[in-house]
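Student: sequence? don't have it. structure:
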């Protein structure tokens, strides 16, 4: 139609020709642009990763291009894999991320090994036993370089760039396979640089590495390599940040934990948890009262946390499991739900969030009398005017103090084309006096946390003393101790110096101090400290050319045997008898050792040894001790009741007789503490320690009366034990 129209209008031929030329130019330009772009960039799907490649690369050097791309894929996957642990690839690069492999609740990092872990995004930096107020801290890294206000390249993007840059040379291997397989000589023409970019949809990596490749007589040049990893890392990071901020603001973990304690507690059941706070119960009379072992309560709390914290669910994410009926029936379903995440974000809706607690780590305390938890007693006068009888009011209420680490796993199941990607952060739950510890949110900036200030003493440039040489050996065998950690400090701050080698040796310059403290730590050995150490310039300790031998004292396993001293009635008086009873079936004893510092500066000697439990007639058990001074507490639980018969009090001529009814009363546990010292020569030469407990032997009393209960009076019994302290002194054989 257009051709006929033009032919029919000869006077407009000139304009028609001009229009044809313009249309032709537009079509030609569009075609050229299409083919140019097609020749320059093409997306190619390789496994889980998209490769953006310049198709102008000559086919002769295509192996070089593909080889570099595969190394970029490999190293970027490695970077994403190692940064999943809290967003930090190398915890040693963060001066404040001190790791304590022995206790995750006294560490800035949840320990996975001696030198690997997950940084806490929220935790209490104050030592556990310090009363509130406490200091909160946290080390979530910035996600992008643009968000990094520190200027120290701590962002996740910068960390991945550094990791890939360090790993690429190892992967490329000098292009040796390219030379051997394709006879192509590759010569770098500059340094490699990596750019990582976290976007809404994925993570992108651009490698700029100018290379000249010579094949036969031809030389080719290639420079840029670009891949895309399909992981919603931004959505994962934002969910992790939100969950951390919500915990700081609302204490959702602690509230759920306290609800669990209430759910599993009872004031009348020794198998349940002892009740806390407002769930206390008062009872009157001589009925048997439950007695809880503090160590067992701690074990039960750990098991409950391990079993039920995974029931926490985050509204707005993909919830994969139904809540257990027990939570629903007890009304705890809604307290197990975490709200206020960005539920409208489609990426967030696809995430899965799990909470995990490892029962290996906990700080736990309960306001018990030593290792045994009993109801508090209050004297209560009943029939006082007529009988002189004093009954007892039992008040059952306990105060829980708990710190526990929780690993929050955020999973993107669609990442890497269905392969999935897990990201882990550590958050610490803290309860003191039955209440969550709270922080002044939002004074902590979770998006851009500055690194903790470095201690000047620990800076590498401060190590100018000259070489200090140490050799660590086992005190008992004389063998070298490898892997012993060396610390140096001034009593206020402490620096990690390194570890002894397989020969037990360590040599390094130290910071300059007139009175420094060197500590040597190794699992299974006592902490060895050398104080008033001089490391002045030119006068290193020990002197140049010599080594200081450090003898590390190993733990020694000792058999622990229990003998029980009876508290018996003779006539109308009660006394402790020099006798040794054995544990019977149904009876229980708890033996705990606490090493105490004696000399000034022995702060590191403070140590609580895991308690020993004996029950059902067991004659002995074992414990691990170091040389030192200990308090040993022995609590014997007889688990028996005694019948006190009816008694009639004659009122005399002007008063009526009063009959005190018969009662069955339980025999309470009576804890006894004794102190002893064992030096290293004695410890390593002996094999057994005999400890002594105390038993209120009311059953053997011939004429039992209600007045016999006064023998357990809290004001009278301690003085009696003190007067007979020699009967409870441990014996080491």
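Tutor: Alright, I've got the coordinates. Since the model is a prediction, treat every value here as computed from it, not as a measurement. Residues are numbered from 1 along each chain as shown.

Student: the stretch 251-400 of the chain: strands as residue ranges?
Tutor: 281-284, 292-293, 313-314, 337-338, 352-356, 363-366, 372-373, 376-381, 390-396, 400-412 (DSSP state E, counting those that start in this stretch).

Student: so what strands line up beside the fifth one?
Tutor: It refers to strand 352-356. strand 400-412 (antiparallel) (DSSP bridges).

Student: in this structure, which strand has the most residues?
Tutor: strand 556-570 (DSSP state E).

Student: buried sites along it?
Tutor: Residues 556, 558, 560, 561, 562, 563, 564, 565, 566, 567, 568, 569 are the ones in strand 556-570 that count as buried (16 or more other Cβ atoms under 10 Å). For the C-beta atoms, the positions are set from N, CA and C on the backbone; glycine is no exception.

Student: now do the contacts for the fifth one.
Tutor: When the contact criterion is Cβ atoms under 8 Å, 6 or more residues apart in numbering, the partners of residue 562 are 582-583, 589, 591, 614, 619-620, 634, 636, 690-693.

Student: neighbour-wise, give me the winner out of the residues you listed.
Tutor: residue 634 (29 neighbours; other Cβ atoms under 10 Å).

Student: any idea what that residue is bridged to?
Tutor: residue 591, residue 672.

Student: where in the stretch 51-200 of the chain is pLDDT low?
Tutor: 52-57, 95, 149-151 (pLDDT under 70).

Student: what is the burial count for residue 365?
Tutor: Around residue 365 there are 15 residues (other Cβ under 10 Å).

Student: below-threshold pLDDT in the stretch 301-450 of the chain: ranges please.
Tutor: Using pLDDT under 70, the flagged stretches of the stretch 301-450 of the chain are 319-347, 376-395, 440-450.

Student: quick one, helices of it?
Tutor: 325-329, 346-349, 384-387, 415-418 (DSSP state H, counting those that start in this stretch).

Student: other residues contacting whichever strand or helix holds residue 719?
Tutor: Using DSSP states H and E, residue 719 falls within helix 717-723. For helix 717-723, the surrounding residues in contact (Cβ under 8 Å, 6+ apart) are 567, 574, 575, 576, 670, 672, 694, 711, 728.

Student: are any of the residues you listed buried, and which?
Tutor: Buried, going by 16+ other Cβ under 10 Å: 567, 574, 576, 670, 672, 694, 711, 728, out of the contacts of helix 717-723.

Student: name the nearest of those residues relative to residue 264.
Tutor: residue 670 (28.3 Å; Cβ to Cβ).

Student: hang on, the closest one packs against residue 636?
Tutor: Yes: in this structure residue 670 lies within contact range of residue 636 using Cβ atoms under 8 Å: 6.9 Å.

Student: which neighbours do the two have in common?
Tutor: With Cβ under 8 Å, 6+ apart, residue 670 and residue 636 have common neighbours 693, 694, 695.

Student: domain-wise, how is this structure divided?
Tutor: Here the domain assignment for the chain is 43-87+154-229, 233-436, 457-552, 556-732, based on automatic domain parsing.

Student: any idea how far the last one is from the chain center?
Tutor: Meaning domain 556-732. In terms of Cα atoms, centre = their mean, to the nearest Å, the centre of domain 556-732 is set 36 Å apart from its chain centre.

Student: now the end-to-end length of it.
Tutor: 13 Å (Cα to Cα, to the nearest Å).

Student: is residue 704 in a helix, a strand, or coil?
Tutor: Classification of residue 704 using DSSP: H, G, I helix; E, B strand; the rest coil returns coil.

Student: report how many residues lie close to the closest residue in space to it that isn't next to it in sequence.
Tutor: Distances taken as Cβ to Cβ, 6 or more residues apart in numbering put residue 644 closest to residue 704, at 4.9 Å, once the chain neighbours are dropped. The tally of other residues near residue 644 (other Cβ under 10 Å) stands at 21.
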